[in-house]
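[1] quick check, what structure comes out for this input:
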Amino acid sequence: MKRKMKRRARSAVDGGRAACYAFVLGLLVMLGFAGCVEERRGTEQEFKGKIARSYDESEEWWPEPVRAPEGAPNILIILLDDVGFAHIGCYGGLIETPNIDALAARGLLYDNFHTTALCSPSRACIMAGRNPHSIGMGSHSLTAMGFPGYNAMIPKSAASVARIFQENGYTNYALGKWDHTPLYEVSVAGPFDHWPTREGFDHFYGFMAADCHQFMPVWWAEHTPVEPWLGRDDYHVSTDMADKAIEYITGQESVAPDRPFFMFWAPGAMHSPHHAPREYLDKYRGKFDMGWDKAREIIFARQKKMGVIPANAKLTKRIDEIPAWDSLSEDERRLYARQMEAFAAQMEHVDMEIGRIIETLERIGDLDNTFIIITSDNGASGEGGLTGSFNETYVLNGLQTPFDANMAHYDGWGGPDTYPHFHAGWAMAGNTPFKYFKQAVHRGGIQDPLIIHWPDGIKARGEVRTQYHHIIDIAPTLLEVAGLEFMPDLDGVEQQPLDGISMVYTFDYPDAPGRREVQYYEMFGNRAIYADGWKAVTIHGNRMPWELNVIVPFEDDVWELYNLEEDFTESNDLAARYPEKLEEMKRLFDEQAWKYGVYPLFDDMIMRLARQQDRLFGGRKVFTYYYPGAVRIAEKASAPVKDRSHWIRTTIDLTGREEGVIVACGGFTGGYTMYIKNHRLHYDYNYYNGIYWSLRSPRLPRGRTELAFHFTRTGPYEGVGELYVNGRKVDEVEMPEMHISTFSLSETFDVGQDTGTPVSEGYRDHFRFKGDLDKVVFELE
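    The predicted model follows:
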């Protein structure tokens with residue numbers, strides 16, 4: 001008996017040791033201390049000890065681990081989404097952002113900083129330090145084309161700056177949005193070449209899409225799909241990201257306090273959907289009843305008083321496409337004010353979460369030697385169009401959301417049952433004092449806030465810097481502050497030179513002449529060129545961001561000319577006065593365009609979206625998906641059934657106990673799902689969250705049964721749906737309207753469950769299939 005108890009005790013001790021060893025090893029691997037990681041990062045070192053026959057005659061020697069330069073700072077990049085020049089409090093904004101404002105008060109605020117006008121290219125540029133077209137990111141990865149400037153395949157010769165930090169003793173973390181990976185590569189099968197983990201980051205915790213539901217996101221941890229929101233009523237993406245950042249930072253400080261970190265923290269805020277906890281939504285009730293015209297005036301006055309715009313700057317006129325606030329009906333003003341309230345609530349909430357990260361850095365003594373950058377990827381977004389939307393998918397498919405459909409969601413706006421975007425008028429206010437929005441390459445689309453905080457390395461406090469800079473300048477700035485050299489060769493691949501210019505020269509010299517002399521811009525055919533204080537710019541076809549397609553000859557575009565040294569806001573077009581200067585600038589744009597891969601220009605967005613799937617699948621007609629592995633497949637990488645006649649089939653040996661999703665694509669914003677519930681087969685097509693084309697079978701038989709859905713296209717984006725059981729049609733429905741472009745920017749295709757938000761109101765959560773499901777076969781006719 002005693003022997004048995006002793007064995008059990010030893011087993012318990014051994015188990016405890018094993019658990020402790022596993023925990024410590026896990027921490028070491030997390031921080032990049034495993035031997036294989038050090039060997040990968042360092043160059044191979046010659047053994048300098050002594051090896052004899054006996055240990056006593058031998059001498060140990062250990063390879064020197066890779067270490068960052070002495071005193072090298074931590075790096076924290078906070079990249080906000082769709083935040084305009086005038087949204088943050090310290091830039092004159094009307095939203096409370098005390099934590100960001102505090103960083104500006106102890107650091108530097110830049111008022112002449114520019115981006116690419118869109119998320120994917122800006123996010124690629126911040127890491128690559130090169131112009132967007134020169135790395136294949138001339139537009140969004142969703143609108144890629146088979147040309148070097150647009151293929152969304154960042155070449156190995158343009159490696160991320162994070163790789164250099166990784167090779168020099170940093171531990172790197174990426175959290176949040178990462179949307180410049182081609183969507184057909186976003187699955188558990190990869191390839192992972194363009195994921196954060198292959199672009200210099202040791203850890204990734206975030207989402208691989210343009211946006212995500214802030215309460216129920218489609219989320220990844222490294223290469224594994226996870227859903228941290230399940231079972232939590234208090235979940236929000238910004239909170240989860242702050243929690244994880246704090247976990248990473250404190251873990252590293254505990255295990256490797258001398259090892260610096262590089263963290264890229266990119267929340268979903270403030271891209272649609274504008275989601276916030278109820279207490280934040282309640283706080284902003286009535287705060288924007290003054291409307292966007294008055295808000296612009298108030299913000300402009302604050303900007304002048306704060307000194308973040310020149311004293312002679314002029315407020316640009318409201319563009320003709322945006323209605324005057326006073327011209328709206330009372331109901332319209334109520335609805336549009338509510339839309340801005342939700343945006344403001346989310347903005348203050350993410351500022352609070354940023355504050356928690358800053359407090360943690362201060363608590364562990366790392367704040368002053370952490371180089372912090374806060375910026376945005378483009379100007380405020382007008383993609384909500386001229387009504388805003390309770391479901392942004394309307395705009396993604398080239399539609400304006402009906403006012404009554406929006407008004408039906410007035411009380412729940414900003415909550416989990418909406419996927420909201422605000423009216424473009426509020427984007428205009430968020431870009432004060434400029435005109436236009438994200439996607440345009442006027443200043444409203446490309447001029448963004450930039451705050452730098454580094455007390456150990458910058459003497460100035462609360463000062464404004466006016467030098468002209470671009471998002472490609474961040475990478476060389478990071479290298480210089482960390483004392484690292486650009487690596488002309490990485491992983492055996494010769495690297496393209498950086499196009500960016502370090503901003504370090506501005507830190508302690510406010511009057512230093514700007515070093516960026518020329519910068520081109522191109523986005524969806526909108527073009528601009530900056531040179532020595534002058535700027536020429538055009539909006540292609542005068543297309544607004546809520547318009548999916550405007551196809552006109554590029555030579556018909558009207559160019560404008562501005563002297564930015566005298567006209568900060570682009571309010572005085574000098575094209576007619578200086579035609580020779582305008583032609584000189586246009587020639588310079590052409591030179592830059594050829595140099596960096598801007599050509600060819602192509603403005604058919606629908607065709608660009610469609611050709612992505614055509615290229616991926618070619619003439620393939622049959623797609624077989626096996627349970628349980630076919631989950632979290634990007635919509636664009638799933639069977640291309642939109643506007644095509646097709647079959648969906650599966651055969652199941654029914655026992656009468658089966659229930660759950662057979663296959664689903666999309667989420668509550670739109671999509672399709674085929675499922676069994678209450679002994680019946682269902683097919684639901686969700687057309688913009690509230691309009692359903694639904695089919696239902698009689699009670700299903702037992703035994704081996706073929707279940708099928710058939711769609712017959714009868715016209716562009718319309719047709720007839722039919723439901724079959726064992727080859728017999730059991731239901732039929734007209735489907736007069738269907739999606740043109742996408743069901744969602746983030747929801748996925750799944751077999752045997754419906755991850756993310758549910759496509760149908762007929763079930764809750766994932767509704768995992770219970771039964772013997774083998775495979776689902778799609779056949780295109």
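[2] quick one, what contacts Y672?
    641, 664-666, 683-686, 743, 759 (CB atoms under 8 Å, 6 or more residues apart in numbering). Bear in mind the C-beta positions are built from the backbone N, C-alpha and C, glycine included.
[3] kindly report the same for S694.
    682-685, 733.
[4] just the residues you listed: which are in strands?
    Under the assignment DSSP state E, the contacts of S694 contribute 682-685, 733 to strands.
[5] by neighbours, which of the contacts of S694 wins?
    The most crowded member of the contacts of S694, judged by other CB atoms under 10 Å, is Y683 (27 neighbours).
[6] so it sits against T673, correct?
    Yes: here Y683 reaches T673: they are 7.3 Å apart, a contact under CB atoms under 8 Å.
[7] which members of the contacts of Y672 are classed as buried?
    Buried members of the contacts of Y672, scored by 16 or more other CB atoms under 10 Å, are 641, 664-666, 683-686, 743, 759.
[8] just those now: which is nearest S187?
    Nearest to S187 out of those is C665 (CB to CB; 13.4 Å).
[9] with adjacent residues omitted, what lies nearest to that closest one?
    Excluding the flanking residues, the one nearest C665 by CB to CB, 6 or more residues apart in numbering is F749, at 4.3 Å.
[10] ditto for R443
    Excluding the flanking residues, the one nearest R443 by CB to CB, 6+ apart is F434, at 4.1 Å.
[11] can you check E57 too?
    K50 (7.6 Å).
[12] and T655, how many neighbours?
    Using other CB under 10 Å, T655 has 10 neighbouring residues.
[13] pairing partners for the biggest strand by length in the chain, with directions?
    Assignment by DSSP E gives strand 703-715 as the longest strand of the chain. Strand 703-715 sits in its sheet next to strand 646-654 (antiparallel), strand 718-725 (antiparallel), going by DSSP bridges.
[14] can I get those in JSON lines with mean neighbour count, distance to N112 and mean pLDDT?
    Below are these laid out as JSON lines (neighbours: other CB atoms under 10 Å; distance: least, CB to CB, whole Å; pLDDT from 0 to 100):
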{"stretch": "strand 646-654", "mean neighbour count": "18", "distance to N112": "52", "mean pLDDT": "98"}
{"stretch": "strand 718-725", "mean neighbour count": "19", "distance to N112": "50", "mean pLDDT": "98"}
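[15] TSV please, covering these and showing distance to D556.
    Formatted as TSV, these follow (distance: least, CB to CB, whole Å):
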stretch	distance to D556
strand 646-654	40
strand 718-725	33
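[16] so which of those strands gets nearest T755?
    strand 646-654 (18.2 Å).
[17] let me see the residues that make contact with that closest one.
    639, 658, 662-663, 674, 700-711, 771-781.
[18] of these, grab the buried ones for PyMOL.
    Selection of buried members from the contacts of strand 646-654 for PyMOL, criterion 16+ other CB under 10 Å:
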select buried, resi 639+658+662+663+674+700+705+707+708+709+710+711+771+773+776+777+778+779+780
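[19] starting at the chain centroid, how far to stretch 511-519?
    Relative to the chain's own centre, stretch 511-519 is displaced by 30 Å; criterion: CA atoms, centre = their mean, to the nearest Å.
[20] typo on my end, it should be stretch 362-381
    Chain-centre distance of stretch 362-381: 17 Å, with CA atoms, centre = their mean.
[21] quick one: mean pLDDT for it?
    Mean pLDDT, computed over stretch 362-381, is 98.
[22] mind listing what's buried in that stretch?
    366-367, 369-381.
[23] straight-line length of stretch 310-329, end to end?
    Start-to-end span of stretch 310-329 (CA to CA, to the nearest Å) is 36 Å.
[24] which one's the longest helix in the chain?
    Ranked by residue count and defined by DSSP state H, the top helix of the chain is helix 330-363.
[25] got the contact list for the helix or strand following that one?
    Using DSSP states H and E, the helix or strand that follows helix 330-363 towards the C-terminus is strand 370-376. By CB under 8 Å, 6+ apart, the residues outside strand 370-376 that reach it are 73-84, 100, 103, 107, 113, 115, 354, 358, 361, 448-454, 457, 471, 474, 478, 481-482.
[26] swap in stretch 296-313?
    86, 90-94, 109, 111, 290, 315, 318, 428-429, 432-433, 464, 566, 568-569.
[27] how many other residues sit next to the closest residue to R198 other than its chain neighbours?
    Leaving aside its sequence neighbours, R198 sits nearest to F192 (CB to CB, 6+ apart; 5.3 Å). F192: 18 surrounding residues under other CB under 10 Å.
[28] any idea how far H180 is from F192?
    Distance, F192 to H180, using CB to CB, to the nearest Å: 14 Å.
[29] where does pLDDT dip in the stretch 201-350 of the chain?
    By pLDDT under 70, the stretch 201-350 of the chain contains no weakly predicted segment.
[30] helices of that one, start to end?
    Assigned helices in the stretch 201-350 of the chain, in chain order: 237-255, 278-283, 291-306, 330-363 (criterion: DSSP state H, counting those that start in this stretch).
[31] need the winner for burial among those helices.
    helix 330-363 (a mean of 21; mean count of other CB atoms under 10 Å).
[32] what packs against it?
    Helices and strands touching helix 330-363, by 3 or more CB pairs under 8 Å, 6 or more residues apart in numbering; DSSP states H and E, are strand 74-80, helix 98-105, helix 237-255, helix 278-283, helix 291-306, strand 370-376, helix 403-407, helix 424-430.
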